[in-house]
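>>> Okay, predicted coordinates and the sequence, questions at the end:
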Amino acid sequence: MNKSRGDKGQMLGGSDVGERELADLRAELDGIDDRLLEDVRARIEVCTRIAHLKQRYTIPVMQPRRVGAVHEHAHRYALDHDLSPQFLHDLYDLLISETCRVEDLIVVTEELRTNGVPAENAGPDRALTERIAADVGGPSTD
């Protein structure tokens with residue numbers, strides 16, 4: 001039977017060693033997940049700054065060429081690192097969708113602040129737009 005000594009000198013069986021290795025790998029994975037989540041948050045934060053710039057200069061939120069470039073970059077990365085191109089395409093679809101949602105809300109908020117645009121004209125996330133309108137003192141559909 002495969003036995004070794006643990007940190008406290010106790011004898012560990014093969015399954016105990018396996019459990020410890022599994023716990024170590026899971027801890028490593030948790031650290032990677034924390035970095036991934038932080039990078040997603042940071043990406044969205046940069047996109048909010050982009051949204052403010054787009055709003056200030058009346059640049060459309062959706063930029064199809066940029067979306068294509070992001071997808072192409074992810075596709076090349078997938079091929080270079082033996083990952084599924086479809087997986088990264090789907091992942092970036094989610095990231096881009098969330099980015100556009102956040103950018104739309106920023107543009108709507110700025111329109112409400114500057115022009116008093118009624119919330120009923122504010123786009124797809126009407127409930128959130130109505131809350132924003134209330135927060136900035138703009139008109140609401142209540």
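Looks like it came in fine.

>>> Report the next helix or strand after whichever strand or helix holds G18 in sequence order.
Using DSSP states H and E, G18 maps to helix 14-56. Downstream of helix 14-56, the first helix or strand assigned by DSSP H and E is helix 64-80.

>>> out of everything not next to it in sequence, what's closest to the most centrally placed residue in the chain?
Nearest to the mean C-alpha position of the chain, counting by C-alpha atoms, centre = their mean, stands V40 at 4.0 Å. Nearest non-adjacent residue to V40, counting by C-beta to C-beta, 6 or more residues apart in numbering: L95, 7.2 Å away. Placement of C-beta: from N, CA and C, glycine included.

>>> can you give me how far the host helix or strand of R101 is from the chain middle?
Per DSSP H and E: R101 is located in helix 85-115. Mean C-alpha position of helix 85-115 versus that of the full chain (C-alpha atoms, centre = their mean, to the nearest Å) differs by 10 Å.

>>> so what secondary structure elements neighbour that helix?
helix 14-56, helix 64-80, helix 126-136 (3 or more C-beta pairs under 8 Å, 6 or more residues apart in numbering; DSSP states H and E).

>>> from the ones you listed, which stretch is densest packed?
Compared across the helices and strands packed on helix 85-115, helix 126-136 shows the largest average neighbour count, a mean of 16 (mean count of other C-beta atoms under 10 Å).
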